Every structure is written in structure tokens, then in C-alpha cells.
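Novice: sequence below, structure please.
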Amino acid sequence: MADTIAFELVSPERLLLAQPVEMVVVPGTEGNFGVLPGHAPLISTVRPGVIEIFEGGRVAERIFVAGGFAEVTPQRCTVLAERATPVADIDRATVERKLRDDREDGNAAEVAIGEAMLAAVEAPVQH
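Specialist: Below you'll find the model as predicted:
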């Protein structure tokens, strides 16, 4: 079995990331799932949350996704994300303002995404 699995993160506009990784953890609708080389084939919906990319036995990158789909094969994990933003690039104040507006407007889908973004910013990085 290989030491890495090909990981691709795709938005409707473009390919955002394509690289070999040791492991990737995806926020599936039924719960987070880790993908290692040789993983069983799987298709899952993705809920708003954080994709964690592992390199060197630790989280090397955290990317917030607003939902989408994931396809896993023994050699590859592809996530088709509605929106994706590196967690480090998320501005808490901007998210809080947008979340307030979305709550006032009754936009439940955007409220769920905003709450997940705040949780991503507040969550400590797991090593």
C-alpha cells in the first residue's frame, strides 16, 4: 500500500487543491471520516465544516467547506465543495456580522454555514 493518497478539492469554479497527502479528514453528513491510502470506495455528502489535511503525522492544513460531496477510492479522495476557504483566512468579525444578518433574514442554510465557520475558527488544531 502506498504512503499517500491523492487528494483533490474542487469548487464550482476551479480545482483548488491537488496533492498527495498522508490522510485527509472530511466532515461527512453522518460524521467526520478519515481517508487513508487503500480506503474502501465511498460517496458521501459533506456538511459545512473543516477538512483537515495530514502531513508528517500532523494537521498541515485546515480548509473550511460549506458543503458538497466526497468521492473516495483506494487511491484518491475528491471533494466537490460548494465553497472553500482556508481556516486561517476566515475573518471572525466578518462572519459574525454576516451571521447576524442571515439570522435576521431567516436564512437557515447560511446561518448553519456561518455557525460552522465560527466553530472552525474557535476549534483548536488537533495534532
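Novice: what about the protein, any weak spots by pLDDT?
Specialist: For the chain, applying pLDDT under 70 flags the ranges 1-2, 124-127.
Novice: can you list the domain ranges for it.
Specialist: Taking automatic domain parsing as the reference, the chain has its domains at 5-86, 90-122.
Novice: now the ones you listed in CSV, with mean neighbour count?
Specialist: Placement of C-beta: from N, CA and C, glycine included. Listed next are those as CSV, based on neighbours: other C-beta atoms under 10 Å:
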stretch, mean neighbour count
domain 5-86, 17
domain 90-122, 15
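Novice: if I look at the spatially most central residue of the chain, how far off is residue 81?
Specialist: In the chain, the centroid-proximal residue (C-alpha atoms, centre = their mean) is residue 51; its distance is 3.0 Å. Applying C-beta to C-beta, to the nearest Å, the value for residue 51 to residue 81 is 8 Å.
Novice: just residue 103 next, same as before
Specialist: 24 Å.
Novice: right, and residue 64 touches residue 84 too?
Specialist: Yes - Residue 64 lies in contact with residue 84 (C-beta atoms under 8 Å); the separation is 6.9 Å.
Novice: spit out the contact partners of the residue nearest to the centre of the chain.
Specialist: Residue 51 is in contact with 9, 24-27, 62-65, 79, 84, counting by C-beta atoms under 8 Å, 6 or more residues apart in numbering.
Novice: redo that, cut-off 10 Å
Specialist: 7, 9, 17, 24-27, 32, 61-65, 70, 77, 79, 81, 84, 87 (C-beta atoms under 10 Å, 6 or more residues apart in numbering).
Novice: now, which of those lie within helices?
Specialist: Judged by DSSP state H, these include no members of helices.
Novice: so which of these are in strands?
Specialist: Here DSSP state E is the test, and the contacts of residue 51 give 7, 9, 17, 24-27, 32, 61-65, 70, 77, 79, 81, 84 as lying in strands.
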